[in-house]
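**Q** One predicted model, sequence on top.
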Amino acid sequence: MRTFEDENGLGWTAAVLERTGPDYKGRFYLHLTPEDGEGEAVPLLDVRWNSERTAARTLETMSPVELRRRLRQARGRAQGQDWGHDRGQVKGADVPAGRA
């Protein structure tokens, strides 16, 4: 788990959650939650890993700038806006890790 601030200085927590189901590939994904409890949590189902260990290691090495960028992208997709990234992806679509 990591904490970071968005562009407005609001605190967020980045964590790795696990999706259940028969497919083990890409089972772990990035999940962002506002620290103040206000607002919605943001699941980034297009940022996925095959193991919890790999996910945790990657999350540890992500910079606050990268976490803010991922949050901005997810918010843009949630609002139906095109931020110029990840064109053609639908919120919640299964996209292989590394294409996010």
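**A** Nice, thanks for sending it over.

**Q** what mean pLDDT would you report for the lengthiest helix in the chain?
**A** The longest helix of the chain (DSSP state H) is helix 64-78. For helix 64-78, the mean per-residue pLDDT is 89.

**Q** swap in stretch 16-29?
**A** Here the average pLDDT along stretch 16-29 is 89.

**Q** Am I right that N50 is in contact with Y29?
**A** No. Using Cβ atoms under 8 Å, N50 is not in contact with Y29, being 11.0 Å away. Quick note: C-beta positions are derived from backbone N, CA and C, even for glycine.

**Q** Helices of the chain, residue ranges please.
**A** With DSSP H as the criterion, the chain has helices at 52-61, 64-78.

**Q** Quick one: closest of those helices to N8.
**A** helix 64-78 (10.1 Å; Cβ to Cβ).

**Q** that older thread, could you dump the helices of the chain to CSV with distance to A41 and mean neighbour count?
**A** Putting the helices of the chain into CSV (distance: least, Cβ to Cβ, whole Å; neighbours: other Cβ atoms under 10 Å) gives the following:
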stretch, distance to A41, mean neighbour count
helix 52-61, 16, 13
helix 64-78, 10, 17
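
**Q** got a list of what the residue of the chain positioned farthest from its centre touches?
**A** Distance from the C-alpha centroid of the chain peaks at P22, with 21.8 Å (Cα atoms, centre = their mean). If a contact means Cβ atoms under 8 Å, 6 or more residues apart in numbering, then P22 has no contacts.
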